[in-house]
Structures are given as structure tokens and as C-alpha cells.
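K.L.:
dropping a prediction and its sequence here:
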Amino acid sequence: RPSCRMQPLMLSRMTTKDILLFLTLLFYLSPVMASKYKKGDKITMYVNKVGPYYNPQETYHYYSLPVCVPQKIEHRSLTLGEVLDGDRMAVSLYDIHFNKSIKHQELCTLILNEEQIAKFQEAIEDLYYFEFVFDDLLIRGFIGHLEEGSFLPHHHKTYLWTHLHFSFGYNKKQIVEANVTTVGATPFSLDDVEIPAKVTFTYSVAWKKSTRKYNQRNKEQHTFFPKSMEIHWLSIINSIVLVCLLIGFVVIILMKVLRSDFARYNLSDDEPDELGDQDNYGWKIISTDVFRFPPYKALISSVLGVGIQFLCLAFAIIVMALLGLFNVHRHHAMNSSGIVLYAFTSFIAGIISSNFYHKINGENWVWNIMLTACLFAAPFFFIWSTINSVAWYHGSTQALPFTTILLIMLIWIIVGFPLTVLGGIMGKNTSGGFDAPCRTKNISREIPAAPWYHNPIMHMIVGGFLPFSSISVEMYYIFATVWGREVYTLYGILLIVFLILLSVTVCISIALTYFQLSAEDYRWWWRSVGSAGSTGFFVFLYALFYFYKRSHMYGSLQTIEYFGYTLLVCYVFFLMLGTIGFFSSLTFVRYMYRNLKMD
């Protein structure tokens, strides 16, 4: 730890931007201190949002319904992650004190007109749930109750829950449990009611001692949504077996073929050539073309740079999750952490992209840096702005406030873009030569006609399907978490599956590149990116299947948000796995031709 004498000197060397970035990261990633109360202390109950049960991302402010609203609405300060998730916490009228039970307390009395009654009925028919926050614990319940009648003639009745019973558990001076129920309460019928309707909302509070520790209070005994997932060993074993088979195929079979090729191609002039002229076919004959630089140098360099950036970002998020930084005490910290980490890892994208671009004799390095900075940011901004506009039109809390939009833009402009430029300059200055094992001729060799199974489409199908099959079972749990009501906490299993995905991608990319070169086709640069990156296409196909066959999502807002963000995720898969496929193929090709005896 630096001494007090050194601290002013250190601070004087830090720019204002450095201090702001440090405080931002500290604010979004630091754990929340446990609150302690004395008997009778007032604890604020925050109302948050409402929305259809089967549309997790379609949420609205709780006060958008005709409920009990204070004269002056006071909002709670939210983190970036909470705002991104649609949270809009506001102070409620519930008067709750620590360890003081309430048998029956009136909240307010409302006179509902026909329009307000219809709004409640529509919410109940769409199975609206509400979400409250009490001492950073989430409390959820349904707005009302829908009673279905017979099929013919079909009729249904809507009931509004006007009484809520809150039960809290405490361990010494800390709150460890929070729940809401309507057991024993009589709902208010909204059918055939006289307009205007007088409705009285009430509540009750019960406190009890609990043996649960504070660090275990996120493990709720009474869950509104389904419980956390169990470890799915079948999926893991299936993926591990697939990886072992693929690695065995590449290491054993492919290396045997390579040894045979080396023995055939590396014959000395004095040794008899029983198979004739070995230079007339195979991957040796394209040795003067295999390292011919690809077209669109700036684009492929940018893809590789951003792909490495997202690989680092994915590993960082998983490691932070394993360290327990994303828990119930810091709502939606993963969202804000992802944005901050994306900005800081832009330096990696800039240095990788510019370094590779300079190695393959790229000339317009400024354009390369600009393309790297915008390769993901531009599609993201277009899709996000479309989704945000639709959410704003529907009045959803998923529409970000102007201040949040400004903050995200400032993070990219002040942090992300400058770091990309800085990394690009450093990558350009530290770049050496490409150091190809073989000399490239000025005139390219004619590529012979290839059979149908060497078609780029077939390579993309094989190169995308096999990696996807290794994670197909895990994809259900991830989709059920992001687009459903499941709670995913198996981050160790997620890390294993992610490593399996990368391993399968490496094996498939090497095998497909070998087959392509054996067919005397030296255009492996972009092919390796497209073959491995096509896994994103299969992820999108699974997203279609999940939306129509596994979920109950509906409505324009939820549909646009689902497919918009799914497209971005598939694009990230393409960038990450395409990068893994390219660098594994490049390493393999270098190994092949470095061990080849040249004339």
C-alpha cells in the first residue's frame, strides 16, 4: 500500500478522466454493505415495475396502473445495470417499520372510472405481475386473479387483489427474508361493477425470527419464479464426449495423414518416387499461394480484433461471476459491468486489429482503426435505437432515459473509442513482418474445380453445426434464463461449456482447412472465419425454435426486442468463433508448410 506521502503525488498524475473511470468501475462492481436496523426503524418499500408474466422484457412502471400513488413521486437512484434492465424504483405509500407487525392497515381508497377498470382487466388478463424492492430484496406477486369459465360458452372473470400480506424474516438486526401473499384475502370483482367503483387497498405485515444468514438471503424459500437450475450432467458429459472424439480425430487421424504427406512430399532426389511426381497435386503444390494475403484486409483485421475483444470480455464476465460479484445485493451488475468492460477491452481490439493489418501489408491504417471501433458499435446502435424507439412508443420502462443514453455514449466516446485508437497506434508501431514459411509468387495459381462437399456452404454447415451441437443443451438453460424466468447460477458449468465450444471450433476449423488445402484451394483466410463463425447462424435457428416452441412470448414489443438482441448475440458468436477458427487455421497452416521440404 502506498504511504500517505505518496498519495498526493499519485493523484496529481491522474487525470480527471482516470478518476471518473475508476469511480464508475468501483461504484458498479463494489458489493453493497449490509444494512442493520433497530426495532421501529422505518424501512422504505420501493415499487418498481409491472408486466406480462410470459414477456420478461415487456415492463412498465408500477404507477402506470391506477393504483395508490403518493402526491409526490420520489424515485430511487439506480445503477446503470438496473436502468438497462427496466427498473424504475419509486417510494411507495407502505408504512413499514422493522420488527413491527401490522394486522390490517388501509393504504388508500380510489374511485375507479370505466377506463381505469378496463386497464386493470387488461392487465389481469395478460397475467401482469408486480415487483417491489424491500432492503434490496425482490418481492413479486400478481396484480389480480383470472377465473376461466367453460369452453362453450366461454367466459372469464377478473378479480383484483386489494389486500397484500407482507412477511419478513430477520436475523438479529438484518433482514434476510421478504415475501408477499394474498392467502386468505378476498379479491375485488371487476365484472359487472357499478361505475364509478370505490376500491379500498389494504395491507398487513408480519415479522418473524429466522436462522438464515445474511449472505444466504438470496436463496428464497418462497419463490415467485421457478427455482434455480440444477447441474445438468447429461449435457456436460455429451459435450465432453464430443470434444474427445473431435480432438482424437484431429490429433490421431489428421496427424497420421500429415506424417504421410510429409514423408511423400519431403522425398530427397536420391530416393525412388514410387508414386510418381508428388509435386503435381495436393497441398504442397499451392505453397506459393497459400500465404497470399486475402482481400478486404481492413475488414478481416477488424473482425479478428473485435473477436479477440469479445473473447476477453466473455472470460472476464464468467470469472467475475465465479467470484460472486453478480448477486442479489447488486441488481443487474452484469449489464453495467459488460458495458464498462467493453469500453476498456476496446484497447485489445485496436492493438490486435492494427497489428495484423500492418503484418498483411495494409496501408490505410486510419480506416482500419475506424472500422474496428464501429464494427460492433454501429450495428448495436442501429438495433438498440430501433428497440428503444418501440419501447418508448409503448411506454415501457425498457426505453432508456436520455441521461442513461448520454452516459453510455460518453463511455464509448471518452473511453472506448480513444482506447481503440491508442491500441491501434501501439499495434501498428509494434508490428513486425508476417514471416510466412513460403514465398508467394506474383501471379496466383488457377484453382481447380472442387467437388460439392468442398463448397463453402457445406464447410459453413459442418463448421457451424458441430460446435453448436456441443452447446445445444446448454443453450436451452441460457435462453430460459435470459428470456424466461429461470435463475442461472451455474457459472462454473458455463465456463466448462464455453471451453468445450472453443475446443470444438478449433478442431473443426483445422480439419476443414486441411481438406480445403488438399483440394488445392488456397483461399482459406475468409473461409476459416466464415466456417467457424457460422455457429452464430445455428444459434439464430435455435432462437427461432425457442421463441415459437418453448416460450409463451407475444406482442410486438417483446418480439422486436427478442429478435433484435438475438441478432446481436449471433453476431458476437460469429466474431468470437470466426476469430478462433482463423487463428487456429493460421497456426496449423504455418506448421504444415514450416515442416515441408521446399526446393
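P.N.:
That came through fine.

K.L.:
flag the shaky bits of the chain, pLDDT-wise.
P.N.:
1-34, 149-155, 218-232, 235, 262, 264-281, 327-331, 487, 597-599 (pLDDT under 70).

K.L.:
strands of that one, residue ranges please.
P.N.:
With DSSP state E as the criterion, the chain has strands at 42-43, 45-52, 60-61, 90-91, 96-97, 102-112, 128-134, 137-142, 144-148, 156-160, 163-171, 174-181, 188-189, 197-209.

K.L.:
for those, which one ends up most surrounded?
P.N.:
strand 45-52 (a mean of 23; mean count of other C-beta atoms under 10 Å). The way it works is simple: take the backbone N, C-alpha and C, and place the C-beta from them, glycine included.

K.L.:
which strands or helices does it pack on?
P.N.:
If you count contacts as 3 or more C-beta pairs under 8 Å, 6 or more residues apart in numbering; DSSP states H and E, strand 45-52 packs onto strand 60-61, strand 90-91, strand 128-134.

K.L.:
what about 6 Å?
P.N.:
Applying 3 or more C-beta pairs under 6 Å, 6 or more residues apart in numbering; DSSP states H and E, we find strand 45-52 packed against strand 128-134.

K.L.:
and the contacts of the strand it packs on?
P.N.:
Residues from elsewhere that reach strand 128-134, judged by C-beta atoms under 6 Å, 6 or more residues apart in numbering: 45-50, 53, 62, 89, 139-143, 178.

K.L.:
how many neighbouring residues does Asp192 have?
P.N.:
The local packing of Asp192 (other C-beta atoms under 10 Å) involves 6 other residues.

K.L.:
hang on, the earlier thing: out of the strands of the chain, which comes closest to Val290?
P.N.:
Val290 lies closest, by C-beta to C-beta, to one member of the strands of the chain: strand 45-52, at 55.6 Å.

K.L.:
return the alpha-carbon coordinates of the closest one using PDB.
P.N.:
Below are the C-alpha coordinates for strand 45-52, written out as PDB (Å, rounded to 0.1, in the frame of the first residue of the first chain):
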ATOM      1  CA  MET A  45     -40.700  -0.100   0.300                       C
ATOM      2  CA  TYR A  46     -40.000   0.700  -3.300                       C
ATOM      3  CA  VAL A  47     -42.500  -0.100  -6.100                       C
ATOM      4  CA  ASN A  48     -40.700  -1.000  -9.300                       C
ATOM      5  CA  LYS A  49     -42.400  -2.400 -12.400                       C
ATOM      6  CA  VAL A  50     -45.200  -4.500 -13.800                       C
ATOM      7  CA  GLY A  51     -45.500  -6.500 -16.900                       C
ATOM      8  CA  PRO A  52     -46.900  -9.700 -18.500                       C
END
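
K.L.:
contacting residues around that strand?
P.N.:
58-60, 62, 76, 87, 89-90, 92, 94, 96, 126-128, 130-134, 397.

K.L.:
so what's the residue count around Val529?
P.N.:
27.

K.L.:
tell me the contacts of it?
P.N.:
With contact set as C-beta under 6 Å, 6+ apart, Val529 has these partners: 578, 582.

K.L.:
okay, and the beta partners of the nearest residue to His75 once chain neighbours are set aside?
P.N.:
Spatial nearest neighbour of His75, chain neighbours left out: Ala90 (5.0 Å); criterion: C-beta to C-beta, 6 or more residues apart in numbering. Using DSSP bridges, the beta-bridge partners of Ala90 come out as Val47, His75.

K.L.:
my guess is Ala90 contacts Ile73, does it?
P.N.:
Yes: judged on C-beta atoms under 6 Å, Ala90 makes contact with Ile73 at a distance of 5.3 Å.

K.L.:
now the strands of the chain as a markdown table including distance to Ile317?
P.N.:
Listed next are the strands of the chain as a markdown table, based on distance: least, C-beta to C-beta, whole Å:
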| stretch | distance to Ile317 |
| --- | --- |
| strand 42-43 | 33 |
| strand 45-52 | 25 |
| strand 60-61 | 29 |
| strand 90-91 | 30 |
| strand 96-97 | 36 |
| strand 102-112 | 41 |
| strand 128-134 | 24 |
| strand 137-142 | 22 |
| strand 144-148 | 38 |
| strand 156-160 | 41 |
| strand 163-171 | 32 |
| strand 174-181 | 28 |
| strand 188-189 | 45 |
| strand 197-209 | 38 |
